[in-house]
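Student: compute the structure for the input listed below.
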Amino acid sequence: MDYLPKDPVILVSSVNMLLRDEEFDTLESLCYAFSRTPKDIKDYLMKYGFVWSERQKQFRPIGYDQ
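Tutor: Sure thing, here's the model as predicted:
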């Protein structure tokens, strides 16, 4: 993957896949590789209803775990 997608649903899927398949150990290392900051991605996806779960190391829909 040469860049992170802009579409929020595809971005969530891509980030979660890259972390799940152990391409990257952390969200920070993934962001560094794509010249982004974790805050930028978290803030962007929060607007579309996704929140970062540190415990599960993936983006989840807001309220999914409640």
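Student: in which helix or strand would I find the most centrally placed residue in the chain?
Tutor: The centre of the chain sits closest to residue 15, judged by Cα atoms, centre = their mean, with a distance of 4.3 Å. With secondary structure defined by DSSP states H and E, residue 15 is part of helix 8-20.
Student: buried residues in that helix, which are they?
Tutor: Residues 8, 11-12, 14-16, 18-19 are the ones in helix 8-20 that count as buried (16 or more other Cβ atoms under 10 Å). Using the backbone N, CA and C atoms, a C-beta is placed for each residue, glycine as well.
Student: which single one of those residues is nearest to residue 55?
Tutor: Of all the buried residues of helix 8-20, residue 19 has the smallest distance to residue 55: 12.9 Å, by Cβ to Cβ.
Student: looks like that closest one contacts residue 29 (just checking).
Tutor: No: Residue 19 is beyond contact range of residue 29, at 9.4 Å (criterion: Cβ atoms under 8 Å).
Student: how about the buried residues of helix 8-20 in JSON lines, adding pLDDT?
Tutor: Formatted as JSON lines, these follow (pLDDT from 0 to 100):
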{"residue": "8", "pLDDT": "97"}
{"residue": "11", "pLDDT": "97"}
{"residue": "12", "pLDDT": "98"}
{"residue": "14", "pLDDT": "96"}
{"residue": "15", "pLDDT": "97"}
{"residue": "16", "pLDDT": "97"}
{"residue": "18", "pLDDT": "96"}
{"residue": "19", "pLDDT": "96"}
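Student: can you give me the helices for the chain?
Tutor: 8-20, 27-33, 38-46 (DSSP state H).
Student: contact partners of the last one?
Tutor: Going back to what we said before, that points to helix 38-46. Residues from elsewhere that reach helix 38-46 (Cβ atoms under 8 Å, 6 or more residues apart in numbering): 4, 8, 11-12, 15, 27-28, 31, 51-52, 59, 62.
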